[in-house]
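Novice: return atomic coordinates for the entry below.
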Amino acid sequence: MGLEEMVREVIGFVKDHQAWAPPIVFALAFGESLAFISLLIPAWGALVGIGALIGASDISFWPVWVAGAIGAALGDWVSYWFGFKFKNHVAEMWPLSKYPDLLPRTESFVKKWGVPSIFIGRFFGPLRAAVPLVAGIFELPYWHFQIANFLSAFVWCAALLLFGDAISMILEWFWRVV
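Specialist: Next up, the predicted model:
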């Protein structure tokens, strides 16, 4: 099953079983933010799709948003811990061993931007999970990391869900006009 098919399946399941939206969004956001996993299965497309369902169904935005934000923050927290705990061995682990330039580039980014790198990195593909990992490796101060982590998780999750919701409203308007 391809990635696009998996996204459609997840969105279809949430559409049919709306009560499962918060735990599914939590799991997707956790996986999207978790080092190693996010490199293999980017879940942002499913999160945008579920955001589109919010406007088109009875799914409440608030529990889905909070679940997604907490899932994303916990994924980064685990990635930070993993980097802190396994420092020098991380680059040798699969799948990062397949991307040898990812950690040095992320290290440069984290050293240049410091704590704001956590917030900025949340919004850029492979950086999303690599920045917390590198922040742990280089022992970015724990509470500085966590504040940036949780704030950025709430903004990131809202942005994805609201983007999907906006697309849904635009398409609905377009089909009424056409």
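Novice: so how far is the longest helix out of those in the chain off the chain centroid?
Specialist: Assignment by DSSP state H gives helix 142-177 as the longest helix of the chain. Put simply, helix 142-177 sits 11 Å off its chain's centre (CA atoms, centre = their mean, to the nearest Å).
Novice: one more: stretch 3-22?
Specialist: Offset of stretch 3-22 from its chain centre (CA atoms, centre = their mean): 17 Å.
Novice: buried ones in it?
Specialist: Of the residues in stretch 3-22, Val7, Val10, Ile11, Val14, Lys15, Gln18, Ala21, Pro22 count as buried by neighbour count, 16 or more other CB atoms under 10 Å. Every C-beta, even on glycine, is put in place using the N, C-alpha and C of the backbone.
Novice: residue ranges with poor pLDDT in this protein?
Specialist: 1, 39 (pLDDT under 70).
Novice: for the chain, which segments count as helices?
Specialist: 3-16, 21-33, 37-40, 44-56, 61-86, 102-113, 116-121, 127-137, 142-177.
Novice: using a markdown table, lay out the ones you listed together with distance to Pro95.
Specialist: Below are these laid out as a markdown table (distance: least, CB to CB, whole Å):
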| stretch | distance to Pro95 |
| --- | --- |
| helix 3-16 | 15 |
| helix 21-33 | 14 |
| helix 37-40 | 5 |
| helix 44-56 | 18 |
| helix 61-86 | 14 |
| helix 102-113 | 10 |
| helix 116-121 | 18 |
| helix 127-137 | 11 |
| helix 142-177 | 22 |
